[in-house]
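S.K.: What follows is a predicted structure for the sequence shown.
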Amino acid sequence: MNSKKINFSKYSSIKIGPTKDVLLINLESDFSRLKDYFVLGAANNLLISDTPPPLMILDKKYSYIKIIDNKLEIGCATPSGKIVSFCKKHNIANFEFMSHLPGTLGGIIKMNAGVKEYEVFNYLLNIVTHNKTYQKNEIKYGYRFTNISEIIFSATFQLEYGFSIKKLNRLKSLRNNQPSDPSAGSCFKNPSNFYAGQLIEEVGLKGYSIGSMQFSTIHANFLVNNGNGTFKDAMSLINLAKKRVYELKGVQLEEEITIITI
């Protein structure tokens with residue numbers, strides 16, 4: 001099987017990680033040999049250590065969008081920006097929210113990513129994994145959660161027309177309160193009845209730094225890299241926030257960022 005060398009300090013959105021050979025996979029790969037591998041997307045919600053498990057990524061041939069039988073089929077290596085551009089060009093509705101979500105479709109589905117009331121599972125019909133095709137009603141999912149444990153290669157969605165520029169612009173405006181520094185997006189999920197950023201701010205950690213890593217002064221739930229951030233410093237801040245929020249607020253924070261280490 002083919003592989004590619006990836007420097008995660010450049011490839012990942014948070015600009016942290018080693019340079020590693022990453023396996024390229026497709027539906028013909030021998031998955032019995034890949035049980036200990038972690039599958040990557042665009043590394044936009046990822047914090048990778050210097051000692052990760054073996055890594056793999058979908059072959060580029062899974063970056064595609066097709067209209068088939070009045071449905072939308074999308075390969076899971078397809079970047080969110082490509083999906084939004086395609087839908088705008090072809091006047092397809094319901095994918096405007098992806099303008100707010102970096103990454104590729106596989107990762108977006110895996111974590112049921114979304115913005116406000118818009119989530120990818122709202123419009124999903126089925127997914128194709130290396131084992132079988134799963135209908136939506138066969139998958140458990142919720143807020144930033146699914147029980148998908150297999151590698152997703154493609155997905156099929158409802159096809160509705162009426163792309164909304166108004167909705168697109170409204171969702172894009174939500175980025176105005178997000179930092180532009182390297183980060184992995186929201187660090188923690190919002191606990192029930194709380195906002196993670198507000199909790200972090202209330203316990204005095206907004207703008208707090210360890211090394212080059214910092215909870216942003218713009219939005220406290222964004223863990224940003226101010227130059228030479230390390231995995232160790234990022235984890236120190238994550239663990240500090242969880243500890244202090246639990247001790248002072250009685251709320252258990254759960255990471256939204258995916259942490260990859262042995």
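M.R.: Cool, got the structure. Residues are numbered from 1 along each chain as shown.
S.K.: What confidence value was assigned to the spatially most central residue of the chain?
M.R.: Nearest to the mean C-alpha position of the chain, counting by Cα atoms, centre = their mean, stands residue 45 at 4.3 Å. pLDDT, residue 45: 90.
S.K.: What distance do you get for it to residue 27?
M.R.: To residue 27, residue 45 is 25 Å away according to Cβ to Cβ, to the nearest Å. Where you see a C-beta, it was placed from the backbone N, CA and C, and this is true even at glycine.
S.K.: Next secondary structure after the strand or helix carrying residue 170?
M.R.: Assigned by DSSP states H and E, residue 170 belongs to helix 165-173. The C-terminal neighbour of helix 165-173 among helices and strands, as given by DSSP H and E, is strand 183-186.
S.K.: Contacts for the helix or strand following that following strand next, please.
M.R.: Using DSSP H and E, the helix or strand that follows strand 183-186 in sequence is helix 196-202. With Cβ atoms under 8 Å, 6 or more residues apart in numbering as the test, helix 196-202 has contacts from 186-191, 206, 215, 219-222, 241, 245, 248-249, 251, 253.
S.K.: filter the residues you listed to the buried ones?
M.R.: Buried members of the contacts of helix 196-202, counted by 16 or more other Cβ atoms under 10 Å: 186-190, 206, 215, 219-222, 241, 245, 249, 251, 253.
S.K.: check contacts around residue 249.
M.R.: 194, 199, 202-203 are the contacts of residue 249 under Cβ under 8 Å, 6+ apart.
S.K.: and those as a markdown table, adding pLDDT, distance to residue 117 and neighbour count?
M.R.: Formatted as a markdown table, these follow (pLDDT from 0 to 100; distance: Cβ to Cβ, whole Å; neighbours: other Cβ atoms under 10 Å):
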| residue | pLDDT | distance to residue 117 | neighbour count |
| --- | --- | --- | --- |
| 194 | 97 | 18 | 14 |
| 199 | 98 | 22 | 23 |
| 202 | 98 | 26 | 16 |
| 203 | 98 | 28 | 20 |
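S.K.: can you put those residues in TSV and add distance to residue 113?
M.R.: Compiled in TSV, these are given as follows (distance: Cβ to Cβ, whole Å):
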residue	distance to residue 113
194	20
199	21
202	26
203	26
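S.K.: Which pair in these has the greatest spatial separation?
M.R.: By the measure Cβ to Cβ, 194 and 203 form the most distant pair in these, at 12.0 Å.
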